[in-house]
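Colleague: Requesting a structural model of the entry that follows:
(one chain, ligands or ions: 1)
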Amino acid sequence: MNRFATLIILSLGMPFALMAAPDIKLLPTYEKVEVERPVSIQVPNDGSDRHFLVEQTGKIKILPSRPESAESVLFLDLTHSIGVEKDFEEGLLGLAFHPEYKETGKFYLTFSRQGPKRLVVAEYSVSDEANSADPASERVLLEVQQPEWNHNSGNLMFGPDGFLYICIGDGGLKNGVHLLSQKLTRWNGKVLRIDVDSRSDGLEYGIPAGNPFVDDSLACPEIWAYGLRNPWGGAFDPETELFYLADVGQNLWEEINLIEGGGNYGWDFREGNQRFATRDAFMEWLGKKPTEPKGLKLIDPIHGYSRADGLSITGGFVYRGDGIPDLNGHFIYGDWKFGNIWALNYDADKKEVTANYHLDKPEDLKNPTVQPTGFYPDADGEPLVLDWRGAIFRIVAAN
Ligand SMILES: [Ca+2]
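Modeller: Predicted structure coming up:
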């Protein structure tokens, strides 16, 4: 290995590879429930301890209270109202319950529609019957133009501030070719922050006064952070309130970012913490200077991994359960293609990563135990892993 490669690897996480990981095992759960392309599991804050499974193909199912049971309940079926040209990355993509779901009965979804191709963020309401939603209650909050079928993102989460955070990919294709992530006039390649409980002039939502670009007449006031490629999986740590977000890379680096208001996370000037050379070549081809604008502050990821460990990162949430004490405060994430699962510890005081445990390493990379599309806490805060091929696993302590 040459010295340059060693330096890159050291800077992106290798020193922790030799630390002994907590002993865990992956257990299949809800095995009798029909699961198709799961992308999210959400538990509303209403004391019911119900687990809502989101399927990319358009359904939201309430999982049975006993994991051994086969009886899921169909909460909402959007199969025929979403629009999918290519189902690999389009479809029903995100769900977030209103923080006061018990009182409001409202929840929020992201999904694809066509003609024109777009990512829709919409509000829905529960019907009179608690275990079903009313499809006619749809209220579209905003629609993001999507030039391509890929890189939609669509992750949704409420922050500790009560605002809704919406993750949006860079417009797709490859090489950041649409050049949208760095443009503050567009929603693509951003995290947006909106207030679903108020209305700003002419909008179906409110713009929080503290959003970083509200005073910039050339910027979309919804933007919270920018310079992202295709965020897939993230969460606020309920204890530190840090916002972890995975961002899928292109050719070299998968990354984990800590999202701050106004932060620029680099794409498509950088992939991981390296310069993205393809952009330079592209800009030269366009006859433009391939330089980063002067004074532009780019925030590097807190962690990244290379093609040696995976192809497409899937976040993630910060574990605060009781079952695996060694993982307390760790961000659990994995790789969709290789099936690796890790737990990363970030020390907010020291501002550094202090551990990155390799929790599960498949023996056969071509046929991993799980191809994770999401990691979510169950009602007790214990980790659930969604498998792209249609299964759900638990992470439990091995002993
Ligand atoms: Ca980045």
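Colleague: contacts and neighbour counts: CA atoms only from here.
Modeller: Will do.
Colleague: How about the contacts made by the most centrally placed residue in the chain?
Modeller: With distances taken as C-alpha atoms, centre = their mean, the residue of the chain nearest its centroid is G233 (2.2 Å). By C-alpha atoms under 8 Å, 6 or more residues apart in numbering, the contact list for G233 reads 155, 245-247, 314-317, 374-375.
Colleague: Looks like I62 contacts S72 (just checking).
Modeller: Yes - using C-alpha atoms under 8 Å, I62 is in contact with S72, at 5.5 Å.
Colleague: Doesn't E103 lie inside a helix?
Modeller: Yes - assignment of E103 by DSSP: H, G, I helix; E, B strand; the rest coil places it within a helix.
Colleague: neighbours around it, how many?
Modeller: 9 (other C-alpha atoms under 10 Å).
Colleague: Now do it against the ion, distance only.
Modeller: 38 Å (C-alpha to the ion, to the nearest Å).
Colleague: same check, this time on D170
Modeller: The value you get for D170 to the ion, if C-alpha to the ion is used, is 12 Å.
Colleague: Next, the buried residues of the longest strand along the chain.
Modeller: Ranked by residue count, the top strand of the chain under DSSP state E comes out as strand 133-145. Going by neighbour count (16 or more other C-alpha atoms under 10 Å), the buried part of strand 133-145 is 133, 135, 140-145.
Colleague: do stretch 343-360 as well
Modeller: By neighbour count on 16+ other C-alpha under 10 Å, the buried set for stretch 343-360 is 343-346, 353, 355-360.
Colleague: Could you list the contact residues of the protein toward the ion?
Modeller: 265-266 (C-alpha under 5 Å from the ion).
Colleague: show me where the stretch 251-399 of the chain has helices.
Modeller: For the stretch 251-399 of the chain, the helices defined by DSSP state H, counting those that start in this stretch cover 277-285.
Colleague: same thing with the stretch 1-150 of the chain?
Modeller: 3-11, 101-104.
Colleague: Flag whichever of the ones you listed has the least confidence on average.
Modeller: Of all the helices of the stretch 1-150 of the chain, mean pLDDT reaches its minimum on helix 3-11 (a mean of 40).
Colleague: that older thread, strands paired with the longest strand of the chain, and their directions?
Modeller: Strand 133-145 has its sheet partners listed here by DSSP bridges as strand 118-126 (antiparallel).
Colleague: Off-centre distance for the strand it pairs with?
Modeller: When distances are taken as C-alpha atoms, centre = their mean, to the nearest Å, strand 118-126 is centred 17 Å away from the chain's centroid.
Colleague: contacts for it?
Modeller: When contacts are defined by C-alpha under 8 Å, 6+ apart, strand 118-126 is touched by residues 105-113, 132-135, 137-147, 152, 154.
Colleague: returning to that earlier point: may I have the longest strand of the chain exported as PDB, CA atoms only?
Modeller: The C-alpha coordinates for strand 133-145 follow below in PDB (Å, rounded to 0.1, in the frame of the first residue of the first chain):
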ATOM      1  CA  ALA A 133     -55.500   6.300   7.600                       C
ATOM      2  CA  ASP A 134     -57.700   8.300   5.300                       C
ATOM      3  CA  PRO A 135     -56.100   8.500   1.800                       C
ATOM      4  CA  ALA A 136     -58.400  11.500   1.000                       C
ATOM      5  CA  SER A 137     -56.800  13.500   3.800                       C
ATOM      6  CA  GLU A 138     -53.700  14.100   1.600                       C
ATOM      7  CA  ARG A 139     -52.400  17.700   1.900                       C
ATOM      8  CA  VAL A 140     -49.300  18.300  -0.300                       C
ATOM      9  CA  LEU A 141     -46.800  20.500   1.500                       C
ATOM     10  CA  LEU A 142     -44.200  20.700  -1.200                       C
ATOM     11  CA  GLU A 143     -43.000  18.900  -4.400                       C
ATOM     12  CA  VAL A 144     -39.300  18.700  -5.400                       C
ATOM     13  CA  GLN A 145     -38.500  18.300  -9.100                       C
END
